[in-house]
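Asker: Build the 3D model from these lines:
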Amino acid sequence: MILISACLAGLNVRYNGTNSLDEQIRKLVLENRAVTVCPELMGGFSTPREPAEIVGGNGKDVLDGKAVVVEQSGRDVTELYIRGAYVTLHKALEVGATKVILKEYSPSCGSAMIYNGDFNGTKIAGAGVTTALLQRHGIEVLSEEDFQIV
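Answerer: From the prediction side, this is the model:
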């Protein structure tokens, strides 16, 4: 089974109430080969919500207490991101996920790139909080940009 970011399957769960539909990925869900998750919603957020970025590092640093996740207004939402990561990990283990496809650039889901924490659109190398936790548990995480149906 594959776990997939709900926004990639066309669900309007992104911070601004939109999705990031990828037809190839949506097909996996329709064929019951994948299950959707949204770490932010699973952590306690609603849609829409304020944009957030990791400040002071990446998802690994957040898990280690060395960085935080803040909304654009400055509110610290680190705890909700960590909670969502653990609920997602539990779901991945529950369904026996062999790989996870998450939305690149997200502070939860980014697997190679995230925003730099300045809310200016600049991207840096790094993983989001959920990706970092899944990887620590030996689960392969790909972005929609790296995934190809085989």
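Asker: Which of the three states applies to the residue nearest the centre of the chain?
Answerer: Taking CA atoms, centre = their mean, the centroid of the chain lies closest to residue 109, which sits 2.0 Å from it. Classification of residue 109 using DSSP: H, G, I helix; E, B strand; the rest coil returns coil.
Asker: Please work out which residues outside the longest helix along the chain touch it.
Answerer: The residue-count maximum for a helix in the chain (DSSP state H) belongs to helix 78-95. Here helix 78-95 makes contact (CB atoms under 8 Å, 6 or more residues apart in numbering) with 1, 3, 35, 37-45, 52, 59, 62-63, 68-70, 97, 100, 107-108, 129-130, 132-134, 137, 139. C-betas here are computed from N, CA, C, even on glycine.
Asker: Let me know how buried residue 145 is, in neighbour terms.
Answerer: 13 (other CB atoms under 10 Å).
Asker: quick one, what contacts the nearest residue in space to it that is not next to it in sequence?
Answerer: Closest residue to residue 145 apart from its sequence neighbours, by CB to CB, 6 or more residues apart in numbering: residue 104 at 5.6 Å. By CB under 8 Å, 6+ apart, the residues touching residue 104 are 110, 111, 112, 113, 143, 144, 145.
Asker: Do you know the pLDDT at the nearest residue to the fifth one once chain neighbours are set aside?
Answerer: Beyond its immediate neighbours in the sequence, the residue positioned closest to residue 143 (CB to CB, 6+ apart) is residue 104, lying 3.8 Å away. Listed pLDDT for residue 104 reads 97.
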